[in-house]
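A.B. asks: build the 3D model from these lines:
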Amino acid sequence: MNESFLHYLWQFQYFDKKNLCATEGEAISILKTGNMNTNAGPDFSNAKVRIADIEWAGNIEIHIKSSDWYAHKHDVDSAYENVVLHVVWENNKPVYRKDGTPLATLELKNKVNESVLKEYQKLIGNPAAIACERSFGHVSELVKFSMLDKALMQRLETKAQRVHELVKLNNGDWEETTYQLLAKNFGFKTNSDPFFQLSKSLPYKIVQKQSQLILVEALLFGQAGMLETKTKDEYVTQLFREYHLLEQKFSLQDSKLNPSQWRFLRLRPANFPTVRLAQFAALLFSTKNIFSNLTSLDAGRSVDRLLSHAQSDYWKLHYRFGKKAKGIVPGLGNSSIQNIVINTVAPLLVAYGKYKDEQSYIDSAVNFLQQLPAEQNKITRTWLDLGLKVKTAFDSQALIELHNNFCQKRQCLNCNIGISILKPDL
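C.D. replies: Numbers count the residues shown, from 1 in each chain. This is a model prediction of the structure:
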């Protein structure tokens, strides 16, 4: 038994409600179950119950044992003074309010059909990655789609919260925040941390002041710690010279990264950090106010045009300094652009929409995801094997969230699919 299951029983009223009585003997009528509270405080708020002949409006607190009221220190917490009913699985100790009056307690242990508990235990005890895999095919498409919507918004809101935290660290500067988020994304998995550190060591306002692409490249490669020695390569010599001047001008000497922070091993040449830095430089030079441009987009193709800028001529022929490639080095590919839209653009739009309280930005984020093809990975293949169609990035992002934060954590009682499967025949 756990409290999540008791929350589920109370929320959906899956227990025998005939002749309900408090443990003290008073008759109970449930008029309104209340709203589940996911923050600190009582479990359900704005509930209404009739106890004996008196109607009470307030909160509901739920525990496995009534003694948990004292174990959790609710007896000395003013946030629990408005609890009107204590719902427990087992009443093992009387509970009193601060003023000494008894708190009405409803015990559920003998009011729940045993089959409901067995089905729940069977579901969460399934060792498979998707606990409901055997029943999944019997769930209606409407329920599945509603859960995808819920999972996607939870994923976007979680990412948006991280954006808000970064905006706060940047003193409300959305342009600086966007620059840092894009930098992290340009590092993709292997080099995301050094890219992010680089962006924090090199303020966006300094980058915006540069009138030539070579100067933006000098700043990025210099701050990355990749211009430590002069070579016979004319391009590198120019970068070295330009960075030395910029370094002095903007007092950047003490904030450079160590070259050892960058990872090349086991990467395809097109993903080398040198190439990604060159592509990032091209974007920064071509788009002076990234945030303003991103928040004014209204179509997927506009995103492609904004993010896809060919790197300079040198980096079309080189993967690393002084080493020519055998062919033309490709620019930022479609899959990379899609990755940036999914992991940076969409969360940024949701965060800004919540900040401005304007739904249109959130709708744009969802629209972008619906235009992109689905990601292909182990998680999406798992859902495909269960017969679920995964067509767009909207689907794949929702299913990644569903897998990671519902299925893997066995949060079946917070999942529309799990709730549908466990619904008893009353």
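A.B. asks: who's in contact with residue 221?
C.D. replies: By Cβ atoms under 8 Å, 6 or more residues apart in numbering, the contact list for residue 221 reads 227, 239, 243, 274, 277. (C-beta placed from N, C-alpha, C; glycine too.)
A.B. asks: go again with 7 Å.
C.D. replies: Neighbouring residues of residue 221 by Cβ atoms under 7 Å, 6 or more residues apart in numbering: 227, 239, 277.
A.B. asks: end-to-end on stretch 322-334?
C.D. replies: Taking Cα to Cα, to the nearest Å, the first and last residues of stretch 322-334 lie 28 Å apart.
A.B. asks: that one: how far from the chain's middle?
C.D. replies: What separates the centre of stretch 322-334 from the centre of its chain is 33 Å, taken as Cα atoms, centre = their mean, to the nearest Å.
A.B. asks: and for it, what's in contact with it?
C.D. replies: Residues outside stretch 322-334 that contact it (Cβ under 7 Å, 6+ apart): 231, 233, 236, 269-270, 275, 279, 307-308, 310-311, 315-319.
A.B. asks: and with 8 Å instead?
C.D. replies: Contacts of stretch 322-334 with the rest of the structure, by Cβ under 8 Å, 6+ apart, involve 231, 233, 236, 269-270, 275, 279, 304, 307-311, 315-319.
A.B. asks: out of the residues you listed, which are buried?
C.D. replies: Burial by neighbour count, 16 or more other Cβ atoms under 10 Å: within those this picks out 236, 269-270, 275, 279, 307-309, 311, 315-316, 318-319.
A.B. asks: state the mean pLDDT of the lengthiest helix in the chain.
C.D. replies: Among the segments of the chain that qualify as a helix by DSSP state H, the longest is helix 141-169. Averaging pLDDT along helix 141-169 gives 97.
A.B. asks: what's it packed up against?
C.D. replies: If contacts are counted by 3 or more Cβ pairs under 8 Å, 6 or more residues apart in numbering; DSSP states H and E, helix 141-169 sits against helix 174-186, helix 346-356, helix 359-371, helix 393-402, helix 416-422.
A.B. asks: right, and those helices - which one's nearest residue 264?
C.D. replies: helix 174-186 (15.3 Å; Cβ to Cβ).
A.B. asks: how about that closest one: buried residues?
C.D. replies: Neighbour-count burial for helix 174-186 flags 174-186 (criterion: 16+ other Cβ under 10 Å).
A.B. asks: also stretch 34-43?
C.D. replies: In stretch 34-43, counting by 16+ other Cβ under 10 Å, buried: 34, 37, 42-43.
A.B. asks: likewise for stretch 195-203?
C.D. replies: Neighbour count says stretch 195-203 has 195-199, 202-203 buried, by 16+ other Cβ under 10 Å.
A.B. asks: likewise for stretch 127-142?
C.D. replies: Residues 130-132, 135-136, 139 are the ones in stretch 127-142 that count as buried (16+ other Cβ under 10 Å).
A.B. asks: who touches that stretch?
C.D. replies: Here stretch 127-142 has contacts from 123-124, 126, 382-383, 386-388, 403, 407-408, 410, 412, 417-418, 420-421, using Cβ under 8 Å, 6+ apart.
A.B. asks: switch to 6 Å and redo it
C.D. replies: Among residues not part of stretch 127-142, those counted as contacts by Cβ atoms under 6 Å, 6 or more residues apart in numbering are 123, 386, 407, 417, 420-421.
A.B. asks: and the helix or strand encompassing residue 121, what's buried?
C.D. replies: Assigned by DSSP states H and E, residue 121 belongs to helix 114-124. Of the residues in helix 114-124, 116, 119-120, 123-124 count as buried by neighbour count, 16+ other Cβ under 10 Å.
A.B. asks: and the residues you listed, which two are the farthest apart?
C.D. replies: Farthest apart among these - using Cβ to Cβ - are 116 and 124, which lie 13.1 Å from each other.
A.B. asks: give the contact list for residue 290.
C.D. replies: By Cβ under 6 Å, 6+ apart, the residues touching residue 290 are residue 178.
A.B. asks: quick check: pLDDT value at it.
C.D. replies: Note for residue 290: predicted pLDDT of 94.
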